[in-house]
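Asks: Using only what follows, build the 3D model:
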Amino acid sequence: MFTGSLKVKICEAKDLRPTDFQTRHSISIAKGDQQLIDPYVAVDVDENHVDRTTTKTRTTKPTWNETFKYEVTNGQALGLTVFHSAAIPPDDFVANCSIPFEELVNAEHKDIWVDLEPRGRLHVIIDLQWAQPGSDQHASAQPSKPREFKEGRGFHKRRGAMRRKVHQVNGHKFMATFLRQPTFCSHCRDFIWGIGKQGYQCQVCTLVVHKRCHQFIVTKCPQLKDMTHQDEAIKRFSVNVPHRFAVHNYKRFTFCDHCGSLLYGLVKQGLHCGVCGMNVHKRCQKNVANNCGIDTKKMAEILNELGVTKEITQKRPKKPSISDSRLSSQPPYEKTSSSPLPISELPEDGGSGSDASAGAESNAGVWTQQCTEDELVLRLAAQEIMDKRLKDREKSGGPILREKEHPLTDTGAKLSLLD
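Replies: This is a model prediction of the structure:
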């Protein structure tokens, strides 16, 4: 966690593109990539709004060069979200990113290019001024009152334009959305009732679900970037069964199973999967997940019973950096004489054995990165079981008599305890 003064300079952005949510009503598909936007960047710390940049009109490569300062107390991550300034609120989501303060621990000044999701890059300069432990600033550091952006007093006054929260689940960017027409949930297939912002809709792939259902989505967003550095052990399951869509004529009112809205038209209103019977718009075909014949609702219930929640499936491994080793100066466990598993010690003067050459250059921080939480839990559990067995043997008196009657040396007597 970070406590101190945060200074962020938003320089420029590149390769910004409108999402499918913005271009879902466009006549031409090619028009979406050529469409210009009016972007601005909203800055927040741990989902607490800090400030926002000015709006640049009709561009995909905006330049701001604007600086923001904020007093942070126990901050975990810096969030940067790009919105399109719409004529009628709410503003449309474009892209976002999250920068953990752990990756910036060793550098007080960082000039970086950040990859945005789903598309685009953002150039930022971050300055961190850490509060000294024991100082008055560290003891009395309190988060300053969030500054409220006030634009020109126009007709709309743009109240609440930058306070929309993005809920990220398996790559989906869900935001509370006002549904202007009857809509069904794509997860539980029930009707979405309510007044105002009735449901959650992914701003990238236009998936619509209930507020209660958004955290149980098990399929990944098709527009999500490929995370090649994702840990393979975290991937509990993989669903990749493509649909077999064909143009279909519907004789009665039918709703899209992806975005939940009505399939308009008289003939050839949408696409129908010949295997699972899924009905979607033609514009929604590219955003449909490959889950043909799979009941995602029942799968989510089973995974929930097994304890595989969205926090586990979404966890991403930290990037190996020097900052991680400095954060943890002590080993995650202590070696005891009754430990049943061999615990490697870090050699001080070079070590020995076949792996000594590799272990001589390692330090406590590198070993901490290699030791996962699962291994630590298994070691502690095995250690408790071994301690319990040794206590039972001492109470029974068996090992003590065997040690006294053993004809060998003290070394043999000690080895007899482990028989």
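Asks: Dihedrals phi and psi, residue 379?
Replies: For residue 379, the backbone dihedrals (degrees, to the nearest 10) come out as phi -60, psi -40.
Asks: number of nearby residues for it?
Replies: By other C-beta atoms under 10 Å, the residues close to residue 379 number 18. Where C-beta positions appear, they are placed from N, C-alpha and C, glycine not excepted.
Asks: Report all helices and strands that the helix or strand harbouring residue 384 contacts.
Replies: For residue 384, the element it lies in under DSSP states H and E is helix 373-396. Packing partners of helix 373-396 (3 or more C-beta pairs under 8 Å, 6 or more residues apart in numbering; DSSP states H and E): none among the helices and strands.
Asks: what comes into contact with stretch 261-277?
Replies: With C-beta atoms under 8 Å, 6 or more residues apart in numbering as the test, stretch 261-277 has contacts from 181-183, 208, 243-250, 253-256, 278-282, 285, 292-293.
Asks: State the mean pLDDT of stretch 200-219.
Replies: Per-residue pLDDT over stretch 200-219 has a mean of 93.
Asks: again, but for stretch 268-281
Replies: Mean predicted confidence for stretch 268-281 is 95.
Asks: in that stretch, what counts as buried?
Replies: The neighbour-count check on stretch 268-281 (16 or more other C-beta atoms under 10 Å) flags 269, 270, 271, 272, 273, 278, 279, 280, 281 as buried.
Asks: how near is the first one to residue 199?
Replies: Relative to residue 199, residue 269 is positioned 22 Å away (criterion: C-beta to C-beta, to the nearest Å).
Asks: coming back round to it: which ones among the buried residues of stretch 268-281 lie within strands?
Replies: Members of the buried residues of stretch 268-281 lying in strands (criterion: DSSP state E): 270, 271, 272, 273, 279, 280.
Asks: List just the nearest of the residues you listed to residue 44.
Replies: Residue 44 has its nearest neighbour among those in residue 280, at 34.1 Å by C-beta to C-beta.
Asks: Surely that closest one and residue 248 touch.
Replies: No. Counting by C-beta atoms under 8 Å, residue 248 is not a contact partner of residue 280; they are 10.1 Å apart.
Asks: ranges for the strands of the stretch 201-350 of the chain?
Replies: Secondary structure of the stretch 201-350 of the chain by DSSP state E, counting those that start in this stretch: the strands cover 208-209, 245-248, 270-273, 279-280.
Asks: Buried residues in the second one, which are they?
Replies: I take that to be strand 245-248. For strand 245-248, a neighbour-count test (16+ other C-beta under 10 Å) marks 245, 248 as buried.
Asks: Show residues contacting that strand.
Replies: Residues contacting strand 245-248 (C-beta under 8 Å, 6+ apart): 268, 269, 270, 271, 272, 273, 274, 278, 279, 280, 285.
Asks: As a markdown table, these with distance to residue 51 would be great.
Replies: Below are the contacts of strand 245-248 laid out as a markdown table (distance: C-beta to C-beta, whole Å):
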| residue | distance to residue 51 |
| --- | --- |
| 268 | 49 |
| 269 | 46 |
| 270 | 43 |
| 271 | 44 |
| 272 | 48 |
| 273 | 46 |
| 274 | 52 |
| 278 | 43 |
| 279 | 44 |
| 280 | 40 |
| 285 | 40 |
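Asks: Identify, from these, the entry nearest to residue 300.
Replies: Nearest to residue 300 among the contacts of strand 245-248 is residue 278, at 17.3 Å by C-beta to C-beta.
Asks: how many neighbours does residue 7 have?
Replies: Neighbour tally, residue 7, other C-beta under 10 Å: 15.
Asks: do the same with residue 180
Replies: Using other C-beta under 10 Å, residue 180 has 7 other residues around it.
Asks: Report pLDDT for it.
Replies: pLDDT, residue 180: 89.
Asks: what does stretch 58-76 contact?
Replies: 1-17, 36-39, 41, 43, 45-46, 50-51, 53-54, 56, 100-101, 141-144.
Asks: Out of those residues, which end up buried?
Replies: Buried residues within the contacts of stretch 58-76, counting neighbours by 16+ other C-beta under 10 Å: 2-6, 8, 10, 13, 16-17, 37-39, 41, 43, 45-46, 50-51, 53, 56, 101, 141, 143.
Asks: what about residue 174, which SS state?
Replies: Following DSSP: H, G, I helix; E, B strand; the rest coil, we place residue 174 in the strand state.
Asks: Report the beta-bridge partners for it.
Replies: residue 167, residue 202 (DSSP bridges).
Asks: could you redo the buried residues of stretch 268-281 as TSV and give each row distance to residue 85?
Replies: Shown next, in TSV, are the buried residues of stretch 268-281 (distance: C-beta to C-beta, whole Å):
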residue	distance to residue 85
269	34
270	32
271	34
272	38
273	38
278	36
279	35
280	30
281	27
